[in-house]
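Peer 1: Return atomic coordinates for the entry below.
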Amino acid sequence: MLAQRDLHTGNEPLLGCLYYDAGLCRSCVLIKTPQDVQLAGKQARAKELIDAEQWREPSASGREVFRNKVKLAVTGTVSSPNLGIIRADGEGQDLRECPLPTPGIQEATARLAQFVSECGFVPYDPRTDHGVLKFVIVTESPAGELMVRFVAKRRGVQGMLFKKLERLRELVPAARVVSLNVQPERMAIIEGEEEILISDADVLPMNLHVAGRELVLNLRPQSFFQTNTEAAQVLYSRAVEWLGDAGTAWDLYSGVGGFALALASCGVHVVGVETQEQAVAAARKSAEEMLNAEKMGNAEDLGHAGETRAAGDTSGRAEFVAADATRWAREQGVVPDAIVVNPPRRGIGPELAEWIEGSGVRRVLYSSCNADTLAQDLAVMRSYRVKVAQVVDMFPHTRHFEVVALLELAS
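Peer 2: Down below sits the predicted model:
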């Protein structure tokens, strides 16, 4: 898969891709650009938009097998389905040899195509609204377990999935969570609201290493997690480094609780706020497991040392609320020592930015996948200065990147 061309440094060949070379996929627009040059360009763009007192060196990502989640469009025929993308010309393109997904996803993709064929699922064609199976979404945990979600036009698919579940596990033994998502609309929306669990297991544990600590997040089928596990660990580590001494914090786009639980693990009392109820349920499960692990640790300390840990050595607490972040923040009578925001690409928007501007919160950690909207939000939060920032290469070979920034209230 690797072409014999060197980076500008001469140390490493460029990443080769048969689909890009054949003009069949153009998702990785920078794949022919050396990765150090990619990062330098992203750093330069971030500096153009954001005035930070200090810029850390960019955090590089692995250049292949880094993507822990793929959304594979199902095209082709029942006997020969393709799992990949729909090209600009409307034709499906199989991507089972794509070098970006993690090894377990790469290994499973061809077997999932075989499973789709054995089930007799007709691939969906958005041009004619004919067919039933639209996507297969696969997520891999660091432990190598998989969450496999089938997205179909109608609910009737669930009967075949229940019937063939054991066959799926024969083909893909790593499949821990299996579900059906129902998306009946003829529109460019990948997932629908209804999720039907096929497997007994309903969560995929993500075992992470954050600032020298073990952190376990639980993913449910519809909950969000960063697509690059290594980069996610960097973001959570920055939170521990920059806000780990805070007494209290709010995580206002908490998702499955990554930032909140990372801070709680080092003694911060955190409230996470998230609109997606499945994500909140997953975060609460992770917080409960963290608390139980802490209790077991305290019991072991009591047995070995004859005394419990000092109060300052115990973990903090994380609780999670299903609510709109802006509305919830406005309703509170107090403010925390610090706030974390990790919004979608649209940013936090003027309403929440204005509330933070007038809140008096001393520190804000802003993690953004869109530096343009981050800059727009910073323009509203005029009382804050960017103390330190870092580019994190969440999306190698594209022009997209993550920026994590620590804002401090100017004295």
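
Peer 1: how close does the spatially most central residue of the chain sit to Gln390?
Peer 2: Centroid-nearest residue in the chain, with Cα atoms, centre = their mean: Gln226, separated by 1.4 Å. Distance, Gln226 to Gln390, by Cβ to Cβ, to the nearest Å: 15 Å. Using the backbone N, CA and C atoms, a C-beta is placed for each residue, glycine as well.

Peer 1: Ok, Ala201 next?
Peer 2: 36 Å.

Peer 1: Number of residues surrounding Val403?
Peer 2: Close neighbours of Val403, defined as other Cβ atoms under 10 Å, add up to 27.

Peer 1: hmm, I was thinking of Met296
Peer 2: Counted with other Cβ under 10 Å, Met296 comes out at 10.

Peer 1: Next: Arg186.
Peer 2: So Arg186, with other Cβ under 10 Å, has 12 neighbours.

Peer 1: now it: how far from Ala325?
Peer 2: Distance from Arg186 to Ala325, by Cβ to Cβ: 32 Å.

Peer 1: Might you report the residue contacts of the closest residue in space to Ala375 that isn't next to it in sequence?
Peer 2: Counting by Cβ to Cβ, 6 or more residues apart in numbering, Leu49 is the residue found nearest to Ala375 once chain neighbours are left out, at 4.2 Å. By Cβ atoms under 8 Å, 6 or more residues apart in numbering, the contact list for Leu49 reads Ala371, Asp372, Leu374, Ala375.

Peer 1: The last one: neighbour count?
Peer 2: Applying the criterion other Cβ under 10 Å, we find 17 residues in the vicinity of Ala375.

Peer 1: do you know how far it is from Ala40?
Peer 2: Relative to Ala40, and taking Cβ to Cβ, Ala375 is found at 19 Å.

Peer 1: And for the third one?
Peer 2: Leu374 sits 20 Å away from Ala40, taking Cβ to Cβ as the criterion.

Peer 1: higher neighbour count, the two?
Peer 2: Leu374 (26 against 15).

Peer 1: which SS state does that one fall under?
Peer 2: helix (DSSP: H, G, I helix; E, B strand; the rest coil).

Peer 1: Next: Phe135.
Peer 2: Quick answer, by three-state DSSP: Phe135 is strand.

Peer 1: And the nearest residue in space to it that is not next to it in sequence, what's its pLDDT?
Peer 2: In space, and not counting its chain neighbours, Phe135 is closest to Val151: 4.0 Å by Cβ to Cβ, 6+ apart. Per-residue confidence (pLDDT) for Val151: 98.

Peer 1: Val151 and Glu166: what is the separation?
Peer 2: Val151 is 22 Å from Glu166, by Cβ to Cβ.

Peer 1: For the two, work out which one has more neighbours and name it.
Peer 2: Higher neighbour count among Val151 and Glu166: Val151, with 25 against 8, using other Cβ under 10 Å.
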